[in-house]
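Asker: Build the 3D model from these lines:
(4 chains)
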2 protein chains.
Amino acid sequence: MTQRPTELILTARVARMYYLDDRSKTEIADELSISRFRVARLLDSARRSGLVRIEIDAPGKVNTDLSAQLQTAFGLAHAIVVDISDEDPVVLRRHLGEAAADVLHEIVKADDVLGLAWARSLSGIGAALDGFVPCPVVQLTGALSRPDGSDVLELVRRVARAGGGPAHVFYAPLVAADATTARTLRRQPDVARAAAMLPSVTVGVVGIGAWQAGLSTIFDAVEHETQQRTRRLGVTAEISGVLIDTAGKPVNAPLSKRIIGLTGDQLAGMRTVLAIAYGEEKADAVRSALNGGLVSGLITHESLARRLLFTGSDGVRSTDAERR
Amino acid sequence: MTQRPTELILTARVARMYYLDDRSKTEIADELSISRFRVARLLDSARRSGLVRIEIDAPGKVNTDLSAQLQTAFGLAHAIVVDISDEDPVVLRRHLGEAAADVLHEIVKADDVLGLAWARSLSGIGAALDGFVPCPVVQLTGALSRPDGSDVLELVRRVARAGGGPAHVFYAPLVAADATTARTLRRQPDVARAAAMLPSVTVGVVGIGAWQAGLSTIFDAVEHETQQRTRRLGVTAEISGVLIDTAGKPVNAPLSKRIIGLTGDQLAGMRTVLAIAYGEEKADAVRSALNGGLVSGLITHESLARRLLFTGSDGVRSTDAERR
DNA sequence: TACGGCCGCGCTCAGATGAGCGCCTGAGGG
DNA sequence: CCCTCAGGCGCTCATCTGAGCGCGGCCGTA
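Answerer: A predicted model of the protein is given here:
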């Protein structure tokens, strides 16, 4: 190539005409008085020699490559990997929330019924939802009092207000002291009304927790004894209160009866379930949830995405090579 | 686009499949269960939005863009613009020489007859000519003694030796004292033999000079009186001793009779005439030479190329915009 | 000198592609 | 409530493009 400057220049010229000016090979061939086959071969060599470099790069904060890989690997309808370091959880949650809002904006239509479960990352969702469609918004789980004061009721109301649709909220905790209390709570009119909406929810937004301390709102909310007993039943993760095993299948544990919120069946009935998950430590839990098929979309960050893609379920790092 | 992350990811995915994996649009459409028209539209938007960036860049020392533009603008068969600063003339000449060698390597076949005129830039040509074809090499012009000691005879011999073909050299100066002396010199057997070869030369390498002090070997070699008289005849440049006017047409000046070398007709008879030119000040001279049609290829450097392309013949800078 | 292999070239033809068109749907305004 | 308009979608058909093939020139070998 270095030894054939005239050919090099011709190749570059052809490449410019083809790639930058969008001319057809036939046209280029006619203009340069060479055969279209030669044009094709010159373009081939231009690609092979690196004369033509093609880069695909999203300018924004989404890692499109990892997103697409997640989508393929787990058969997801939606997968968003935000290109943000996980060092600052506040910033991370805000970006995850914005990404979720963008996805909702894109996929929720006026005839949908949107269900929201509690997830801290969703607290930032409101801002990005200007001009949202006026669809009903339903609270999927009971509330948990949090030090920062924001709660799922506020979230549901905020989203509903953004679109102008009705908000269906209820006042009940996520986990009741025992099954009897839970039953009583479920009979409250507001809780019953919201529960009646659940089967008609078409799009749900949920969080994923691992069955470990600090990685699950539910886990942290129950007594040590219950934590252990539930784990012995095979529970390794939970999807907004729906306890699941490593295969991602719902587990009917005694604890389930104490939880005020959606059931596995209701989750399965939704057209779209968007899960928001962050924290590398949750990798196995997230993998379980994805494999179980209850979740059709994932919104997460780079390091967790890489763990999901490049580490086997045994926790051993497999090929970390990027595609190709 | 920022508001449609799922679409963005799909677009990026499609772009990767199309541009990086070389899959057909139909194939991508089938795999992603979308129509091929959607694939086409996604690719369009990827191009328009800048998600896909295509760069064409020669890794070497040749500016392919300017080269191609020169080729188009002046209808040249060959145009090489070396991407070297013109600050150091020694480095510049070496690179021009190498580029010329590369071009010769590419275009000279065994049944060609190669003619070389004196040009300092050609002194570096020998090194790059390993494995040259064994074709005859003919000296086109008389010699000029130069302080650095290299001369056209040595050049011709070196190139001939590189290919293993015969060298046709002669001992005579480029400019004789008067027409009579020149006639006598031309009758020397070696000069006559070389001259007899001239009509069969198929590829010639020449230099271009401007009819000004310091910009032409011939100009500097003759008396002031002759310089002026020749200029008054319309001569503004010379192609290895062939005096031309601004239109690039040969001028029959008295001085022509004193020059031992090729004639305009002989130049016109060559299939390919490669001119080597450097120095921005020669821009007008080079433009004349190119417009005259005697030269079919140009080997030069960036700044001169830009002057040729982006400055009108009146010397006024016109649009300096790069293409597109 | 004759021969076989190699390489670059351009042909054929089936499959891929682009331009233009009409349909449908959804948003906005009377 | 209906009407209109814009935008997204996929169809058709003419054109473009890719894969494979055979030809002819070049080179090394016998």
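Asker: Look at A:Gly269 and say how many residues are nearby.
Answerer: Using other Cβ atoms under 10 Å in any protein chain shown, A:Gly269 has 16 neighbouring residues. C-beta: built from backbone N, CA, C; applies to glycine.
Asker: Distance-wise, check it relative to DNA strand D.
Answerer: Counting by Cβ to the nearest atom of the strand, to the nearest Å, the separation of A:Gly269 from DNA strand D is 27 Å.
Asker: thinking that residue is in contact with A:Gly204, fair?
Answerer: No - using Cβ atoms under 8 Å, A:Gly269 makes no contact with A:Gly204, being 9.5 Å away.
Asker: number of nearby residues for the residue of the stretch 101-250 of chain A found nearest DNA strand D?
Answerer: As assessed by Cβ to the nearest atom of the strand, DNA strand D sits closest to A:Glu106 within the stretch 101-250 of chain A, at 11.5 Å. Neighbour count for A:Glu106, taken as other Cβ under 10 Å: 14.
Asker: How about A:Ser33?
Answerer: A:Ser33: 6 neighbours (other Cβ under 10 Å).
Asker: interface residues of chain A facing DNA strand C?
Answerer: Proximity of chain A to DNA strand C, by Cβ under 7 Å from any atom of the strand, involves residues A:Ile34, A:Ser35, A:Phe37, A:Arg38, A:Arg41, A:Ala110, A:Val133.
Asker: mind running it again at 10 Å?
Answerer: Contact residues (Cβ under 10 Å from any atom of the strand) of chain A with DNA strand C: A:7, A:22, A:24, A:29, A:33-42, A:45, A:109-111, A:131, A:133-134.
Asker: Can you say which of those are buried?
Answerer: Neighbour-count burial (16 or more other Cβ atoms under 10 Å in any protein chain shown) is assigned, among the residues of chain A next to DNA strand C, to A:Ala29, A:Val39, A:Leu42, A:Ser45, A:Val133.
Asker: could I get those as CSV with pLDDT?
Answerer: Below are these laid out as CSV (pLDDT from 0 to 100):
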residue, pLDDT
A:Ala29, 92
A:Val39, 93
A:Leu42, 92
A:Ser45, 89
A:Val133, 81
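Asker: can you put these in CSV and add secondary structure and distance to B:Leu51?
Answerer: What follows is those, written out as CSV (DSSP: H, G, I helix; E, B strand; the rest coil; distance: Cβ to Cβ, whole Å):
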residue, secondary structure, distance to B:Leu51
A:Ala29, helix, 29
A:Val39, helix, 26
A:Leu42, helix, 26
A:Ser45, helix, 26
A:Val133, coil, 27
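Asker: Within reach of DNA strand D, which of those are there?
Answerer: Answer for those near DNA strand D (Cβ under 10 Å from any atom of the strand): A:Ala29, A:Val39.
Asker: What is the neighbour count of the residue in the stretch 201-324 of chain A that DNA strand D sits nearest to?
Answerer: In the stretch 201-324 of chain A, the residue that lies nearest DNA strand D is A:Thr272 (17.3 Å; Cβ to the nearest atom of the strand). Neighbourhood size, A:Thr272 [other Cβ under 10 Å]: 20.
Asker: And the residue nearest to it when sequence neighbours are not counted, its phi and psi?
Answerer: Take A:Thr272 and drop its neighbours on the chain: the residue closest to it by Cβ to Cβ, 6 or more residues apart in numbering or on different chains is A:Val203, 4.6 Å away. The phi/psi pair for A:Val203 (degrees, to the nearest 10) reads phi -130, psi 120.
Asker: circling back to that earlier point, narrow the residues of chain A next to DNA strand C to those in helices?
Answerer: A:Glu7, A:Ala29, A:Arg36, A:Phe37, A:Arg38, A:Val39, A:Ala40, A:Arg41, A:Leu42, A:Ser45 (DSSP state H).
Asker: where's the fifth one relative to DNA strand D, distance?
Answerer: If you measure A:Arg38 against DNA strand D using Cβ to the nearest atom of the strand, the figure is 11 Å.
Asker: I'd guessed that residue sits against A:Ala29; true?
Answerer: Yes - between A:Arg38 and A:Ala29 there is a contact under Cβ under 8 Å: 7.1 Å.
Asker: returning to what we had before: how far away is the residue of the stretch 101-250 of chain A closest to DNA strand D from A:Ala100?
Answerer: 11 Å (Cβ to Cβ, to the nearest Å).
Asker: And for A:Leu66?
Answerer: A:Leu66 is 17 Å from A:Ala100, by Cβ to Cβ.
Asker: Have a look at those two and say which one is more surrounded.
Answerer: Of the pair A:Leu66 and A:Ala100, A:Ala100 is the one with more neighbours under other Cβ under 10 Å, namely 28 against 25.
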